[in-house]
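Peer 1: Okay, structure incoming, though there's no sequence with it:
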Ligand SMILES: Cc1cc2nc3c(=O)[nH]c(=O)nc-3n(C[C@H](O)[C@H](O)[C@H](O)COP(=O)(O)OP(=O)(O)OC[C@H]3O[C@@H](n4cnc5c(N)ncnc54)[C@H](O)[C@@H]3O)c2cc1C
Ligand SMILES: Cc1cc2nc3c(=O)[nH]c(=O)nc-3n(C[C@H](O)[C@H](O)[C@H](O)COP(=O)(O)O)c2cc1C
């Protein structure tokens, strides 16, 4: 077997070691353009978990690497003249040069042919090789030369960073956040060998510009950094090594292999240095590829396909975490300006979603106890409710006040259409649907989208509040909730607009009725599904007056029924949302064009409803913070939307996304909508609810403690488990009171297996 590696970095060298062990007769050549001792950068860092994989793959290399380690457990966060310490993290640092030398030595020992100072330009000379590794790093020549085959995507991020060193030994993995006249600087510092630490400095493009530093002027960079951080490194020296300012590229590829060649390590994927996983990923690629080749040595293309299939999901998951972490460092100013140090630290530690409130509690119970106490203290002040201090409740079980409404905890059952009403009148299904979630422990239960007139419904099965009978039916549900639980109950008020007059969800979402369609209205005459949906009529001012009066009537009826809060539905492409998004609002009058114009009608509704809705009761609005489509609402505009709602006396924004246009391209994932709630909460300075793939209590506690939202809204999790909140309480050992008829459960231990 003949194998060539283009590149002698961690991925190329490590695979060569593993392959030579599997196939001792194989002829393996590594081509490296640098000399053996040339290396760019200082130290690399590994987590303890990573090292276990290496021990399994090659004990000799593992031993040599761990023998050169600087190990530490603590993370120090230096911020506004304070240092917060968190422990239990288990990291090791080592010199990149030492690591490369270890891998080179092991290669030489096993008989791998190492050719230094040899640059390779393409794959042609290796046509008759069995396998060629394109392990040529972030600027891979092979990837670019064969771009049509590999389909690379390079996303150069806006922040600037430089990789420096220092002869100061940081006592822990150290983050420093320091402000000067040019802006806020972030330092990622860690010891990698006796007497030396890596010192990565990062800032926004604006700060970099204001500093006047030049990309390639290493001397000026060192002088600037030395002066700014002299105290932090106790007067030690800042060191350079080709320390040029760069922008981090997120690299992904549509395909990882082509004929006998395979991309590995940084050439095929990058993960931001803030989660310290680039070298780990590169070396784990080597382990996975060696496994695949071992399984089918006689069919290399099949081995490469198996390697990509096995490895891609793991890499993508790490890249998702790395992207979330990178975004935190892009937006650090927001957290720095708005969060108190303890919360800033928690936000930093949980930024990539890989560390949650629960696993931080295992690593560092003291830090979590401190944040829980701090959070409970804030909640007590905010709500005016006394909260036991020792032990404090988990963040999800703290109260929250909006005007006179005090929620017992932070869990909300999301509005969910049941399509089970008749002529807008709800029935026993709705009583059980809402009632069981209230008994199940949520602090607030929301009705489904409840329509303000017959023609405002999405489907003939939608619930309404526009007739006397509706009020009586809702009163029964509200009474049940108030009499049998501590939950508060809210009503989501809506008009379906251009998404109206369609079939029940399980008969065909967004499909017009086979017969009996009613005329629909919207901001502009644009059908939701081209060629399928009815074309709505563009609303006249007269239509607007009617819709406004219908909202007011429904709000008055909601008050009569006894609801605690109402939420206006300004999201998901329904009538009011169709005014807000430029994709669905093409009007040329005072209600189209600028955001001020597009918000005019929704704000008119908010004002009109606020006038009749009792002063002591709060109001919410659900918005789509992005349309997930070009030219639509985006995160930045959603901040302005929320600010306008706040200026019109809205108490809280329920931050959802999308469903505005059928051609949207959403990026789903765990907590995928939370960053929008986080941004609005801090930039507008108003409470937010987050919704969307929030499903574990760990995530809920993390979101709340990090200040990403004030309430967590769960939809499908509540369909699956009406007692979701009770189960979360049980898991956390939190004593949630049962209703009297269920009091015998106090000493009951549930078992599912
Ligand atoms: C600021 C910063 C901090 C980082 N910190 C960490 C960290 O703490 N922990 C961590 O795990 N990772 C870290 N990384 C990432 C890590 O350096 C890389 O992810 C890792 O080195 C990737 O290994 P690789 O083998 O794929 O590529 P590389 O290490 O880049 O190796 C590629 C090799 O190919 C050679 N080469 C390129 N083109 C050719 C050619 N045409 N012919 C011959 N040779 C060629 C290059 O000279 C190079 O030696 C960091 C990266 C940066 C930028
Ligand atoms: C069956 C069902 C019905 C829904 N109906 C509504 C609704 O009436 N109003 C609304 O704003 N969102 C509605 N949604 C969206 C949810 O409220 C929620 O935003 C979405 O499901 C994401 O949350 P999840 O990941 O917790 O399920 C509905 C979702 C489901 C699953």
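Peer 2: Received, thanks. Just so you know, these numbers come straight off a predicted model, no measurement behind them. Ligands and ions are numbered 1, 2, ... in the order given.

Peer 1: and the closest residue to ligand 1 within the stretch 1-150 of the chain, what does it touch?
Peer 2: Closest residue of the stretch 1-150 of the chain to ligand 1, C-beta to the nearest ligand atom: residue 9 (2.0 Å). Backbone N, C-alpha and C define where each C-beta goes, glycine included. Residue 9 is in contact with 100, 135-137, 265-266, 282, counting by C-beta atoms under 8 Å, 6 or more residues apart in numbering.

Peer 1: Tell me which of those fall in helices.
Peer 2: Within these, residues falling in helices by DSSP state H are 100, 282.

Peer 1: Let's see if you can find the most crowded of the contacts of residue 9.
Peer 2: Among the contacts of residue 9, residue 135 has the most neighbours (other C-beta atoms under 10 Å), with 34 neighbours.

Peer 1: in the stretch 651-753 of the chain, what residue is nearest ligand 1?
Peer 2: For the stretch 651-753 of the chain, C-beta to the nearest ligand atom, closest residue to ligand 1: residue 669, 23.0 Å.

Peer 1: where does the residue nearest to that residue when sequence neighbours are not counted fall, phi/psi-wise?
Peer 2: Among residues not flanking residue 669 along the chain, residue 320 sits closest, at 6.3 Å (C-beta to C-beta, 6 or more residues apart in numbering). Main-chain dihedrals, residue 320, degrees, to the nearest 10: phi -60, psi -50.

Peer 1: How many neighbouring residues does residue 320 have?
Peer 2: 18.

Peer 1: Quick check: the gap between it and ligand 2.
Peer 2: From residue 320 across to ligand 2, the span is 17 Å (C-beta to the nearest ligand atom, to the nearest Å).

Peer 1: pLDDT wise, what is that residue at?
Peer 2: Looking at residue 320, its pLDDT stands at 91.

Peer 1: how about the helix or strand containing residue 317: buried residues?
Peer 2: Taking DSSP states H and E as the definition, residue 317 sits inside helix 300-330. Using 16 or more other C-beta atoms under 10 Å as the test for burial, helix 300-330 gives 300, 303-308, 311-312, 315, 318-330.

Peer 1: Pull the distance from that helix to the chain's centre.
Peer 2: 16 Å (C-alpha atoms, centre = their mean, to the nearest Å).

Peer 1: same deal with stretch 563-576?
Peer 2: With C-alpha atoms, centre = their mean as the basis, the mean position of stretch 563-576 lies at 25 Å from the chain mean.

Peer 1: just stretch 200-208 next, same as before
Peer 2: 23 Å.

Peer 1: first vs last residue of it, how far apart are they?
Peer 2: 14 Å (C-alpha to C-alpha, to the nearest Å).

Peer 1: Please shift the residue numbers so they start at 91 in all later answers.
Peer 2: Done: numbering now begins at 91, and the last item shifts to stretch 290-298.

Peer 1: in it, what's buried?
Peer 2: Buried, per 16+ other C-beta under 10 Å, within stretch 290-298: 290-294, 297-298.

Peer 1: and the longest strand seen in the chain, what does it pack onto?
Peer 2: The longest strand of the chain (DSSP state E) is strand 273-283. With contacts defined as 3 or more C-beta pairs under 8 Å, 6 or more residues apart in numbering; DSSP states H and E, strand 273-283 has these neighbours: strand 133-137, strand 160-162, strand 181-185, strand 263-270, strand 286-293, helix 295-301, helix 422-428.

Peer 1: okay, those in a markdown table with mean pLDDT and distance to residue 510 next?
Peer 2: As requested, the helices and strands packed on strand 273-283 are exported to a markdown table (pLDDT from 0 to 100; distance: least, C-beta to C-beta, whole Å):
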| stretch | mean pLDDT | distance to residue 510 |
| --- | --- | --- |
| strand 133-137 | 84 | 50 |
| strand 160-162 | 85 | 58 |
| strand 181-185 | 87 | 54 |
| strand 263-270 | 96 | 52 |
| strand 286-293 | 96 | 53 |
| helix 295-301 | 98 | 53 |
| helix 422-428 | 96 | 43 |
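
Peer 1: Columns distance to residue 467 on top of the ones you listed, output as CSV?
Peer 2: Shown next, in CSV, are the helices and strands packed on strand 273-283 (distance: least, C-beta to C-beta, whole Å):
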stretch, distance to residue 467
strand 133-137, 33
strand 160-162, 31
strand 181-185, 32
strand 263-270, 24
strand 286-293, 33
helix 295-301, 34
helix 422-428, 18
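
Peer 1: could I get these as a markdown table with distance to ligand 2?
Peer 2: What follows is the helices and strands packed on strand 273-283, written out as a markdown table (distance: least, C-beta to the nearest ligand atom, whole Å):
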| stretch | distance to ligand 2 |
| --- | --- |
| strand 133-137 | 30 |
| strand 160-162 | 38 |
| strand 181-185 | 33 |
| strand 263-270 | 32 |
| strand 286-293 | 33 |
| helix 295-301 | 34 |
| helix 422-428 | 24 |
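
Peer 1: low-scoring stretches of the stretch 441-590 of the chain, by residue?
Peer 2: Across the stretch 441-590 of the chain, nothing is flagged by pLDDT under 70.
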